[in-house]
Structure formats: C-alpha cells, structure tokens
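[1] have a look at this fold, sequence not included:
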C-alpha cells in the first residue's frame, strides 16, 4: 500500500525531529493527535517505520573503516555462509545479489589490518569461494529517505 501525502509529511517531520511527541507532531502538521497516532500505528504494523531507536554511527563507536565485500558462495552452501557472516559483529548488513557475486556485505573495521583479519575469517569458511573488497573513502550522498517521501504523489 503506497504512502499518501499525510503519511509522507509525518515521516519527514519525524525524521527531522526524532524526539518529537505525537501532540507536537499533530500541531506542526495541523491534524488531530488521534489521526497522527492512528497513522503511526498503521505504518508500524505495515513495516514502514522500522524503529524509534537512536542512529548509531560506526565511526562514533570506533569503527572508521567502511568496506563493501562481495562474496561468491560455493554451490548449495548459502545457509552456511550466512551463518558465518552472522557470527561476525563487524558485518552490519548482508544482501543477496544478482550478477558476479552471490552476497554483498557492508563491513566496518577499526583499521585496515583489522579489515584484513575480518576478510580472512570470512574466507576461512569453505562456503565462501572468493571475496572482492571495496573500501569506502568518503560518503558523497548519505543515506536519505526524505526526497523519496517528498516525491510521494497525491493519493
């Protein structure tokens, strides 16, 4: 179910003011508090809103190195590979992909030698045949959702 303009305005405002209460949110948007609460609850139930927790940066937690590691997995060993990846706390996300690689991992490290050790632990698994690593040098466009939300057509 697509978002309507009010849902989009709610989300944009909530992201701009992460600690805002429902009453203040309703006031800013010019709608009833009950409307805001109902909309937020529906978006939670649909999985549009994932959480209300703080955003923690890996850099702030002592992991300044960000890398993207592509993995080629041995035939029939995807579950085993994923289990290994889940056991490594430095692996923040893993996506199944099409193309040359089977998985794409977002990995953080304390240093480049630390990154090399993480990759060695990944490669120690017989489920992983090959890796290809790209280190991020800078963020050119940070994660953003607001432009997509603001482009929501009238429903």
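    Yep, it's here. Note that the coordinates shown come from a computational prediction; the quantities given were computed from them, not determined experimentally.

[2] could you pull out the strands in this protein for me?
    65-73, 91-96, 103-109, 128-135 (DSSP state E).

[3] relative to strand 91-96, how tilted is the longest one?
    What separates the directions of strand 65-73 and strand 91-96 is an angle of 40 degrees, with axes from the mean of the first three to the mean of the last three CA atoms, to 10 degrees.

[4] can you name every helix or strand that strand 65-73 contacts?
    Using 3 or more CB pairs under 8 Å, 6 or more residues apart in numbering; DSSP states H and E, the elements in contact with strand 65-73 are strand 103-109, helix 112-123, strand 128-135. For the C-beta atoms, the positions are set from N, CA and C on the backbone; glycine is no exception.

[5] out of the strands of the chain, the one nearest residue 153 is which?
    In terms of CB to CB, the element of those nearest to residue 153 is strand 91-96, at 28.0 Å.

[6] which residues are contacting that closest one?
    58, 82, 85-86, 102-108, 118 (CB atoms under 8 Å, 6 or more residues apart in numbering).

[7] same check on stretch 128-135?
    65-74, 81, 84, 101, 112, 115, 119, 122-123.

[8] so how far is that stretch from its chain's centroid?
    From the chain centre to the centre of stretch 128-135 is a distance of 20 Å (CA atoms, centre = their mean, to the nearest Å).

[9] what do you get for stretch 65-72?
    Distance, centroid of stretch 65-72 to centroid of chain: 15 Å (CA atoms, centre = their mean).

[10] quick one: buried residues of it?
    65-67, 69-71 (16 or more other CB atoms under 10 Å).

[11] ok, so of these, who is nearest residue 44?
    Closest to residue 44 out of these is residue 66 (29.5 Å), distances taken as CB to CB.

[12] so which pair among the contacts of strand 91-96 is furthest apart in space?
    58 and 102 (24.2 Å).

[13] more crowded one of those two?
    A count of neighbours by other CB atoms under 10 Å puts residue 102 above the other of residue 58 and residue 102, at 21 against 17.

[14] so in this structure, which helix runs the longest?
    Longest helix in the chain, counting residues (DSSP state H): helix 33-46.

[15] mind checking which of the strands of the chain is nearest residue 8?
    In terms of CB to CB, the element of the strands of the chain nearest to residue 8 is strand 91-96, at 25.1 Å.

[16] give me the mean pLDDT for the closest one.
    Strand 91-96 carries an average pLDDT of 98.
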